[in-house]
Each structure stands twice: as structure tokens, then as C-alpha cells.
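**Q** pasting the sequence and the predicted model now:
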There are 2 protein chains.
Amino acid sequence: MRLPLLDDFHVHLRQGEMLRNVVPQTAAGGVGRCVVMPNTDPPVTTMEQVRAYRAELEACNTGIDFLLSLYLCPALTPALLRAAQAEGVVAVKCYPQGVTTNSKWGVSDLAQYDNLFAAMEELGVLLLLHGEVPSRAEADICILNAEERFLPELERIHQKFPGLRMVLEHVTTREAVACVQALGNTVGASITAHHLELTVDDWAGHNHNFCKPVAKYPHDREALRAVVAAGHPRFFLGSDSAPHPRSAKEGACGCAGVYTAPLLAAYLADTFETMGCLERLASFCCEFGHRFYGLPAPTGSLVLEKREQVVPGAYAGVVPFRAGETLRWSIRG
Amino acid sequence: MRLPLLDDFHVHLRQGEMLRNVVPQTAAGGVGRCVVMPNTDPPVTTMEQVRAYRAELEACNTGIDFLLSLYLCPALTPALLRAAQAEGVVAVKCYPQGVTTNSKWGVSDLAQYDNLFAAMEELGVLLLLHGEVPSRAEADICILNAEERFLPELERIHQKFPGLRMVLEHVTTREAVACVQALGNTVGASITAHHLELTVDDWAGHNHNFCKPVAKYPHDREALRAVVAAGHPRFFLGSDSAPHPRSAKEGACGCAGVYTAPLLAAYLADTFETMGCLERLASFCCEFGHRFYGLPAPTGSLVLEKREQVVPGAYAGVVPFRAGETLRWSIRG
């Protein structure tokens, strides 16, 4: 089965030694182009950081086409956006404060960014949303309904900036799928490989399946699978592959994040076969996303063959998704 | 604040070396009498095991009054129940298959036990229910709704055996609280110390707060707190204190269970103060349970004083609930 190289519209490539391990693994997983998340430490918020980060990524010599993003914060201005766009920045990522890795610099009130959103709408820079509100017990908000509670904000921004292309990242709920379907053509959603496989039962007591947003009910997973199987063109791959060292995942506390990059194409082929819609794999991974972003089609290609492989226990100290399990598909080497 | 020694109507005391550590810690936590869970390995299902287990528990010389239970399985007969009752067995515990620690011998169809339930109703032996159905994605059943989905079974048994005293153990949901409230006076519920504190956010990524049933939404915790604060006499303490070695809680996978025994009275005083209903502490821990069970009032007493203590990092290799946190109350030494 020949496919274009995968477009991964949401990936964490980290910094330093971790980056130097993860970028080649991402290429080996079948990715030819990706949107790189800016939640490094410190986050990417200046042109100097954009350039330095691109240089660090490209020094890996993998041939991956890196689409960079900026971290939404008060330092971003329309002028900065214009300059960044000229150097390959395609999006601004919004993290609500405190909901995931390195989100401590995140946003507590989106309304303050209306001027920036207007500039993004005009420039064609995308807004990528980590669509969860912070937990607040007194309002009955917890990690299980944090995504659903965010949806009114998505609707509000869409109504105010109907031309602003927005991606609700890593959707995990039936409600989010329905909301994105109901909104206009400028609103899309990314879906991870692991959320097509997991429910809450899979991460309870299993640290390596724990991520944010958490996997939820079976009916939520079913909604994700259904919209993918239907070939809805505004739902596309964003793996949210998020490497953490084993020591940060195992212990009394575990960081949120699932690492799928090294076998991304194989995981997805396996899952799409389970879902009974292998014929949707190419459009989900290699077509819908770049059309939504307004990017050219991918150039390279890969061949997936029906050859079993056992997922390694670790890649340079990072435990991947489904470690030790057998996948039915492999990339031809 | 002087209280009777606590009645803990649901505790895991384990076997062997773990038991020899846990039983004295349970006494130190303020417990004078407890219902000991039978999910040892193998589970307690014969008179020989009842006697051997009691001997092992009493060899610790703590003075605790151990009320034993049998593990519901086809080996239990009315004759065995009569003999067991004569030797201090007060209850039969029902574990649905596969839902928690050592439940692999558990029950897949409760209807087959109608004859036994009739004998228990007649004898006055209580039925203790781990009220969760096994997860089944195709029916949208997962650990978040497994308790709610069990409630029709509770209602069915209650209607068929209205004189059978049943305890829905470690209730965690608004729905379970409402169901027990609505049923007759032979149906009670136990509540743990940790479920009065935790929501899903507290165990996601925090292995030592992971237990079954899992803590759920803030509104669920609120329902537990409300029924306790209201002093409902059919809701009483069953700590479900469940020690696991640190190595079994930390790692890629973590066992389900929260260890509260060593500081049970102090945890509860702290939580009841937070809840603003310290005046309900004695009835919840030392009165409602023994009345429901039909047992005499506790004889010993303890004094809780407002003296801060830091929860130790571990007790003989077992990490307790709220390790490292400061509690406002301590038992006078």
C-alpha cells in the first residue's frame, strides 16, 4: 500500500538531546511534514526562537518539512506574525493555563487576543487550540468534561472571526466532533492515533497511555472512529506524539503524553484496519490536513506492507505507544 | 474530641508479611473493629480458611475485633454459611469478575446465587457488593459508568430479597447515593475516606490515588459529601484501605488501591473539618455501621486532637494516602 509521506499536524519534538533522538524517529515513522508544537521550555514566542528552533530541527538532516508555530501570549503582535509567516510559521498555538506540559505560560482569557485573531484571519495564520478549560471543582469541571466545556469558546471565536482557520486539536469527545462538524469550513479538528484506540479504561493504572486530553468513554472513541471512517475532510491527523523519559512517566506521578512518532504510519494502518476503513488512511493522513491548511500536496511517499512487527520496549529511554504489542503493518525498509 | 474506636466496615488486611505490617498500622489508625475482605490469594471460601485467616490476624495481638467475610463463589452453601456465622463471619462479599484486585475468581452472573441469598436473608448474613459491572466497550460500559450500570442489579436483588441486608461498598457516584437512599432500610452503603477527597483529576497521572471504583466527577464527590454531612444513617465508613507495595503502584502499570489504614481517623477528621461537619464524624465512623450490621456499640475510645502531622512517605514500603501532606488532626498518643 503506497501512501504519500504523512502530514502530522501536531507533534512535540522537544529540544536538545531528546530532539536529536525524536526527529529521526519521527522521520522513520513515516512523517514527511509536520506542525511542530511551540511548548518548549521556554516556549517559542520570538523570531529569534523560531530561527534557532528551526536550525536545531534541520540540523538533524531528516528531510522533514517543519512547519513552525508560535505560543500564544501577550508578546505576539501582528508585525511579529507577518515576519514569522515569511519564515515558515503557519500557526499560533493556544494553551489554556495549566492544562498540559509547559502550559504554565498559557492563556487565561482568550478575549484579550481579539486583535491578534483579526490579524491572523487577515494573514491566513491558523489558530490551533488545546481545547480544554482548566478544572474547577466548584463548577463541576474536571478532565472528563474540560473539552466539552471549551466548545462555547470555539463557537464564540468562530462567530467573531469566521475567516480565521482554527483547528481544535486532539479531539476526544462526541461533543467536540459534533461541534466541529456543525461549524463552518474554517474550523477543523486534529485526531491522534492513540485516541482512536484508547478509552479511560486503558490509561487508568497504565501510565504510558495517560495523556491530555485524557481518553474518555467508549462512545467518545466511537464518535472519533465514525467521523474518520466517514472521511470527513475537516478531521485529519495530528498525532500529538509527546515523548517523555521513562522516569517521567513511571513513578508516583506520570507526565501526560503518548509517544507514537516512531511507528506512526504502522499504528494508524493497524487501527484503520481494525476500524474497517483502511481506504480512508491516505486521505486522513496525507490529504485533508494540507487542504485545510492550504499547503501543497506531499511529495515523497512510503510503502506500508502487511508484515507484523513488535513495538519496541523503548526508543532511547522513551516508552512508545503499545510497547510490546504486535502491529500488523510495517513500513517497507 | 473523644470518639469510640472506629468501625471500618471494609478493609484489606492481606496475608503474610504484609498482614503483619498492616494489622498493627490499622489499629494505630484508630480502628477497633473491622470487616476484613476475603479477596486474599486464594480467596476465603472455606471454614478452614476462615479459621486460618482469623488465627493469622489475631496473632498480631492488636485487640482489633475482626469480622470475617466469605468470597461469593459456587462453593458457598447455606450449611457453610451457618457454620461460618457461628465463628464470626458476618458477610459474603461479591466481586464481579475482573473488576479489582484478586477478582478473577469473581461472579459473572448473580442470578445463580438466589438460593444462597435466600439463606443469607434468613440467617442475617450480609451481602457486600463491589457494585461495578465489567467494562464492555460495545455497550459503552467503562470504569466511569460501571457503578451506575450495576444499580439495576442492586434493585433487582433488593426486590427479590427485601429482608437481605446489603451494602453497596465504596460508593463513588451521585447515582449510587440516590439509589441507596431510595431503597429500603435493608440497603446501606459504605464510603471510603479517600472518595470524600478525590475526583478523577486527582488520580490521573497520580498512581497512589488510583483505586477501583475510580474517583469520578466533582458532582459525584459532592453527592458523597452531602449524604455524609446530612447524617444519613445508611451511609457509613468502609475505608477500602488497600495496601500495595510501592513497586506495584509505581511503574508502567499501577495496582488499584489507596492505603488509608495507618491514619484513618486523622484523615477523616481532616476531611470532615473541610466539609464543615465535624459533628458527623462519630456517627459516620462509629455508629451508623454497627447499627446497620446489628452489632453492639464499640467499647474502646480514642482522642483526636487538633495537632498537625505530616503523612509519612511510606509505611514499610507502602505509600499511604496524601503522603507528605499535612493533616490538621492527630490521635493522642
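**A** Structure's in. What do you need?

**Q** so who does A:A316 touch?
**A** With C-beta atoms under 8 Å, 6 or more residues apart in numbering or on different chains as the criterion, the residues that contact A:A316 are A:21, A:25. Glycine gets a C-beta too; all of them are placed from N, C-alpha and C.

**Q** pLDDT at it, what is it?
**A** Among the per-residue scores, A:A316 shows a pLDDT of 97.

**Q** what do you get for the one 10 residues further on?
**A** Note on A:T326: pLDDT of 98.

**Q** tally of neighbours for the nearest residue to A:H194 once chain neighbours are set aside?
**A** Counting by C-beta to C-beta, 6 or more residues apart in numbering or on different chains, A:V258 is the residue found nearest to A:H194 once chain neighbours are left out, at 4.5 Å. Here the neighbour count serves as a burial measure; for A:V258 (other C-beta atoms under 10 Å in any protein chain shown) it reads 27.

**Q** can you check A:A215 too?
**A** Using other C-beta under 10 Å, A:A215 has 26 neighbouring residues.

**Q** over to A:L198?
**A** Taking other C-beta under 10 Å as the neighbour definition, A:L198 ends up with a count of 23.

**Q** against B:G317, how distant is it?
**A** Distance from A:L198 to B:G317, counting by C-beta to C-beta, to the nearest Å: 31 Å.

**Q** show me the helices in chain A, by range?
**A** Across chain A, reading from the start of the chain, the helices by DSSP state H fall at A:16-28, A:47-58, A:78-86, A:114-123, A:146-160, A:174-182, A:200-203, A:218-229, A:246-249, A:264-275, A:281-286, A:288-293.

**Q** the fourth one to helix A:78-86, inter-axis angle?
**A** By that I understand helix A:114-123. Using axes from the mean of the first three to the mean of the last three C-alpha atoms, to 10 degrees, one finds that helix A:114-123 and helix A:78-86 are set 40 degrees apart in direction.

**Q** and if you look at the fifth one?
**A** Direction vectors for helix A:146-160 and helix A:78-86, defined by the same axes, to 10 degrees, enclose an angle of 100 degrees.

**Q** coming back round to it: for B:I141, which of the helices of chain A is the nearest?
**A** Among those, helix A:218-229 comes nearest to B:I141, with 7.3 Å by C-beta to C-beta.

**Q** that closest one: which residues count as buried?
**A** A:218, A:220-225, A:227-229 (16 or more other C-beta atoms under 10 Å in any protein chain shown).

**Q** chain center to it, what's the gap?
**A** With C-alpha atoms, centre = their mean, to the nearest Å as the basis, the distance from the averaged C-alpha position of helix A:218-229 to the chain average is 17 Å.

**Q** and it, what other elements does it pack with?
**A** With contacts taken as 3 or more C-beta pairs under 8 Å, 6 or more residues apart in numbering or on different chains; DSSP states H and E, helix A:218-229 sits against helix A:174-182, strand A:187-191, helix A:264-275.

**Q** can you put these in JSON lines and add mean neighbour count?
**A** Formatted as JSON lines, the helices and strands packed on helix A:218-229 follow (neighbours: other C-beta atoms under 10 Å in any protein chain shown):
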{"stretch": "helix A:174-182", "mean neighbour count": "19"}
{"stretch": "strand A:187-191", "mean neighbour count": "26"}
{"stretch": "helix A:264-275", "mean neighbour count": "23"}
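
**Q** for these, which one sits closest to B:E153?
**A** In this view, the helices and strands packed on helix A:218-229 are compared for proximity to B:E153 by C-beta to C-beta, and helix A:174-182 is the closest at 26.8 Å.

**Q** how about that closest one and chain B, touching?
**A** No - shown here: helix A:174-182 not in contact with chain B (C-beta under 8 Å from any C-beta of the partner chain), separated by at least 10.5 Å.

**Q** can I get the CA coordinates of that helix in PDB?
**A** The C-alpha trace of helix A:174-182 is given here as PDB (Å, rounded to 0.1, in the frame of the first residue of the first chain):
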ATOM      1  CA  ARG A 174     -18.500  13.000  20.800                       C
ATOM      2  CA  GLU A 175     -19.500  16.600  21.700                       C
ATOM      3  CA  ALA A 176     -16.300  18.100  20.100                       C
ATOM      4  CA  VAL A 177     -16.800  16.000  17.000                       C
ATOM      5  CA  ALA A 178     -20.300  17.200  16.600                       C
ATOM      6  CA  CYS A 179     -19.400  20.800  17.300                       C
ATOM      7  CA  VAL A 180     -16.700  20.900  14.700                       C
ATOM      8  CA  GLN A 181     -18.900  19.200  12.200                       C
ATOM      9  CA  ALA A 182     -21.600  21.800  12.800                       C
END
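
**Q** quick one: it to helix A:146-160, angle?
**A** 20 degrees.

**Q** elements contacting helix A:174-182?
**A** Helices and strands touching helix A:174-182, by 3+ C-beta pairs under 8 Å, 6+ apart, are helix A:146-160, strand A:166-168, strand A:187-191, helix A:218-229.

**Q** give the rounded mean pLDDT of it.
**A** For helix A:174-182, the mean confidence score works out to 98.

**Q** flag every residue of chain A that's near chain B.
**A** With the criterion set to C-beta under 8 Å from any C-beta, chain A comes near chain B through A:135, A:137-138, A:140-145, A:199-201, A:203-208, A:210, A:214, A:216-219, A:221-222, A:249-256, A:319.
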